[in-house]
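Visitor: sequence and predicted structure below; questions after.
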Amino acid sequence: MLVFSLLCAPNSQAAQPPFDLKVSVDRVGATFQVHASYVVPVNECQAYAFLTDYEAAKNIPGISESRIINRNANKVQVERVAEERVLFIPIYLRSLLEFSEVSNSRLEFVQLEGHAKSYKGNWVIEPDRAGTRFIHQASFELDTSIPLFIIQYFLENSATKRFEIMAERVAQQQISTNANGNPNPNPLCKKLAAL
């Protein structure tokens, strides 16, 4: 009887996705809406530094280029190129995004020009008992001949993996150490602490 109850008992580790990751992709007409959140054991400053390291985004699968074009006060223009394959169809998307660093816990972005008809969203970071919660919302409309149901299928199957990779990268940033084995402090966090 004990063996049966152990086998039937829910495994809380298996049921809980890594990083408490939650992702949804919805479609309203031709517009896709992505909502995601995950928790990483880093402080808010480290989380914000990760989000505002715009050029490091090229380390996320699907993004082949990401470079800062212009920075003016709290506005940062970033050119990004995404390259994907949906089934056997290659997709190349270039965007000029403007990020608004609203606060140390909120980042908004909008496409100024590019291949998508529209693209905008935000990132919010909040303290969580396990570290910091990253919350992402975006909406976009693509200009493509690929049927929308195929794009939605692709997004639903790839978005979770992408956000999981992002969470892993944040966690790896947290555990990086210097030559003495001590954690590498993020220069941005040092600067913010000095203010």
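Guide: Here it is on my side, so go on.

Visitor: can we go C-alpha only for contacts and neighbour counts from here?
Guide: Noted.

Visitor: following the longest strand seen in the chain, which helix or strand comes up?
Guide: Using DSSP state E to define each element, the chain has its longest strand at strand 89-103. Counting by DSSP states H and E, the element after strand 89-103 in chain order, helix or strand, is strand 106-114.

Visitor: and the longest strand of the chain, which residues are buried?
Guide: Applying a neighbour-count criterion of 16 or more other C-alpha atoms under 10 Å, one finds 94-101 buried in strand 89-103.

Visitor: list the strands paired with that strand, with their directions.
Guide: strand 75-86 (antiparallel), strand 106-114 (antiparallel) (DSSP bridges).

Visitor: and those: which comes nearest Ala159?
Guide: With distances scored as C-alpha to C-alpha, the stretch of the strands paired with strand 89-103 nearest to Ala159 is strand 75-86 (12.4 Å).

Visitor: counting contacts, what elements does the lengthiest helix in the chain pack onto?
Guide: What stands out as the longest helix in the chain, according to DSSP state H, is helix 148-175. Applying 3 or more C-alpha pairs under 8 Å, 6 or more residues apart in numbering; DSSP states H and E, one finds that helix 148-175 contacts strand 22-28, strand 31-40, helix 44-51, strand 75-86.

Visitor: of all those, which one is nearest Ile125?
Guide: helix 44-51 (6.9 Å).

Visitor: need the next SSE after that closest one, C-terminal direction.
Guide: strand 63-72.

Visitor: C-alpha coordinates for the helix or strand Gly121 falls within, PDB please?
Guide: Using DSSP H and E, Gly121 sits in strand 116-128. C-alpha atoms of strand 116-128 as PDB (Å, rounded to 0.1, in the frame of the first residue of the first chain):
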ATOM      1  CA  ALA A 116       6.700  43.600 -38.700                       C
ATOM      2  CA  LYS A 117       3.600  45.600 -39.100                       C
ATOM      3  CA  SER A 118       3.700  46.500 -35.400                       C
ATOM      4  CA  TYR A 119       5.600  45.300 -32.400                       C
ATOM      5  CA  LYS A 120       5.500  46.800 -28.800                       C
ATOM      6  CA  GLY A 121       5.500  45.600 -25.300                       C
ATOM      7  CA  ASN A 122       7.200  45.900 -21.900                       C
ATOM      8  CA  TRP A 123       9.200  44.200 -19.200                       C
ATOM      9  CA  VAL A 124       8.500  44.600 -15.500                       C
ATOM     10  CA  ILE A 125      10.600  43.200 -12.700                       C
ATOM     11  CA  GLU A 126       9.200  42.600  -9.200                       C
ATOM     12  CA  PRO A 127      10.700  41.300  -6.000                       C
ATOM     13  CA  ASP A 128       9.800  37.600  -5.300                       C
END
